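Undergrad: quick one: sequence and predicted model below, then my questions.
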Amino acid sequence: MANLCVVATVDAGEPEARTMVLRDLEPALSGPPSLGLFVNSTSPKFGEFRQSSTVALVVYLPSLAVQYRLRCSLEQLPEGLVRASWQLRPPIPKRMDWLYEDHPQSSVIDGREALVDLLHGPEPTVAPESAIGFKLVAESVERLDLNTEDGIHDRRRYAFDGQSWHEEVLVP
């Protein structure tokens, strides 16, 4: 049920981390759901995704006191799926994607007022070519449960060997 995660990458040997929206691409009939991240190719994180086909994610659920750490490989999503998903976005994120065409993500702008002015106008009807999506393929998942009756955290790692998942109990 988490829709936000922290994504960790490496850029020129330096660590980078940012909060991103985690998307459910398709419901899971058996096994884990298919999860994705949508980015704009003008974003620095797109370049980081291209440098390494692996990212680390952290999802923390404070109401449960449970943390999930995932190591995932990235597979670029088909353009049709990206375009269809883009249609479900709210108006401001759609305008932001088009704004990136002239003002790449993370570039400097004259101020918040200038940004707000640039985002006025009609709602775009199609996604820009720079809208990209990635499917996350979990290779390992660590679950840390901080809410145990005996006060001893429960930490487990689940690793996929290409055919099945294997569980290991870890010292917290």
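TA: Cool, got the structure.

Undergrad: give me the neighbour count for residue 122.
TA: For residue 122, the count of nearby residues is 7 (other Cβ atoms under 10 Å). Placement of C-beta: from N, CA and C, glycine included.

Undergrad: and it, how far is that from residue 94?
TA: Using Cβ to Cβ, to the nearest Å, residue 122 is found at 10 Å from residue 94.

Undergrad: all helices of this structure, in order?
TA: 44-51, 79-86, 91-99, 112-118 (DSSP state H).

Undergrad: and the ones you listed as JSON lines, adding mean pLDDT?
TA: What follows is these, written out as JSON lines (pLDDT from 0 to 100):
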{"stretch": "helix 44-51", "mean pLDDT": "88"}
{"stretch": "helix 79-86", "mean pLDDT": "92"}
{"stretch": "helix 91-99", "mean pLDDT": "93"}
{"stretch": "helix 112-118", "mean pLDDT": "95"}
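
Undergrad: okay if I get those helices as JSON lines plus mean neighbour count and distance to residue 69?
TA: Formatted as JSON lines, these follow (neighbours: other Cβ atoms under 10 Å; distance: least, Cβ to Cβ, whole Å):
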{"stretch": "helix 44-51", "mean neighbour count": "16", "distance to residue 69": "18"}
{"stretch": "helix 79-86", "mean neighbour count": "14", "distance to residue 69": "25"}
{"stretch": "helix 91-99", "mean neighbour count": "17", "distance to residue 69": "27"}
{"stretch": "helix 112-118", "mean neighbour count": "11", "distance to residue 69": "34"}
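
Undergrad: now the ones you listed in TSV, with distance to residue 4?
TA: Formatted as TSV, those follow (distance: least, Cβ to Cβ, whole Å):
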stretch	distance to residue 4
helix 44-51	15
helix 79-86	17
helix 91-99	14
helix 112-118	22
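
Undergrad: can you check which of these gets nearest to residue 59?
TA: helix 44-51 (17.3 Å; Cβ to Cβ).

Undergrad: export the closest one to PDB, keeping only CA atoms.
TA: Output of helix 44-51 as PDB, limited to C-alpha atoms (Å, rounded to 0.1, in the frame of the first residue of the first chain):
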ATOM      1  CA  PRO A  44      19.600  13.600 -13.500                       C
ATOM      2  CA  LYS A  45      18.100  10.300 -12.200                       C
ATOM      3  CA  PHE A  46      17.500   9.100 -15.700                       C
ATOM      4  CA  GLY A  47      21.300   9.400 -16.300                       C
ATOM      5  CA  GLU A  48      22.000   7.500 -13.100                       C
ATOM      6  CA  PHE A  49      19.500   4.800 -14.100                       C
ATOM      7  CA  ARG A  50      21.500   4.400 -17.400                       C
ATOM      8  CA  GLN A  51      24.900   4.200 -15.500                       C
END
